[in-house]
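Colleague: have a look at this prediction, sequence included:
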Amino acid sequence: FENAYALAMRARDADRLGIRRIGDLAPHAGKMTVGGDYEFFSRPEWRAIREVYGLRFASERSMDSSLMYQAAAAGDVDVISAFSTDGRIAALDLRVLEDDRGAIPPYDAVVLASGRLAREHPEAIEALRRLARTIDAPAMRAANLAVDEQGRAPAEVARAMLEDLERAAAGGSAR
């Protein structure tokens, strides 16, 4: 999975306007407000999105990242700079728009382990290696939602995710 910047909007508005990809925003952007966290509009990702897609929004609103999602859900802004694995995307029925021209660089999750762990517990390294490319963005969003919104302990959510992955690998169905 990754946790990259992404553009997201209310799913019902995206459906009504026929927007699935960032490129689909171009004919509508001039009448829309985009919200972003305090640093987003000064980041290279925003410059790349504007240049690659030629987007010019009617207005840009900087806001606290904890308020962005609610602002989108309430219709205070039309589009937001979301984090691609944020649980609020699913909770608030937002749609992540496909970056069909690759303007946003990937921010793939990586695992860092010490040499000491590798020496003393090679089984841990092997277990981590087996997880590579097994958790997609929707699964990570669900896990983040379980922790952030439902108040479940991260260890409990991770354990349930691992059990689901083991069941799926064994040919069973995930929950």
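Modeller: Right, received. Where do you want to start? Residues are numbered from 1 along each chain as shown.

Colleague: in the helix ranked longest in the chain, what's buried?
Modeller: In the chain, taking DSSP state H as the definition, the longest helix is helix 154-169. Applying a neighbour-count criterion of 16 or more other CB atoms under 10 Å, the buried positions in helix 154-169 are 157, 161, 164-165. C-beta here means a position set from N, CA and C on the backbone, and glycine is covered the same way.

Colleague: what is the neighbour count of the residue found closest to Ser59 once you drop the neighbours it is linked to in the chain?
Modeller: Here the nearest residue to Ser59 in space, its sequence neighbours aside, is Thr33; by CB to CB, 6 or more residues apart in numbering that works out to 4.8 Å. Thr33 is flanked by 18 other residues according to other CB atoms under 10 Å.

Colleague: now do the phi/psi pair for Ala103.
Modeller: For Ala103, the backbone dihedrals are phi -70, psi -30 (criterion: degrees, to the nearest 10).

Colleague: residue contacts, it?
Modeller: Ala103 makes contact with 22, 45, 48-49, 51-53, according to CB atoms under 8 Å, 6 or more residues apart in numbering.

Colleague: what sits against the nearest residue to Met32 once chain neighbours are set aside?
Modeller: Beyond its immediate neighbours in the sequence, the residue positioned closest to Met32 (CB to CB, 6+ apart) is Asp78, lying 3.9 Å away. By CB under 8 Å, 6+ apart, Asp78 lies in contact with 9-10, 13, 32-34, 72.

Colleague: could you list the low-pLDDT ranges of this protein?
Modeller: By pLDDT under 70, the weakly predicted segments of the chain are 172-175.
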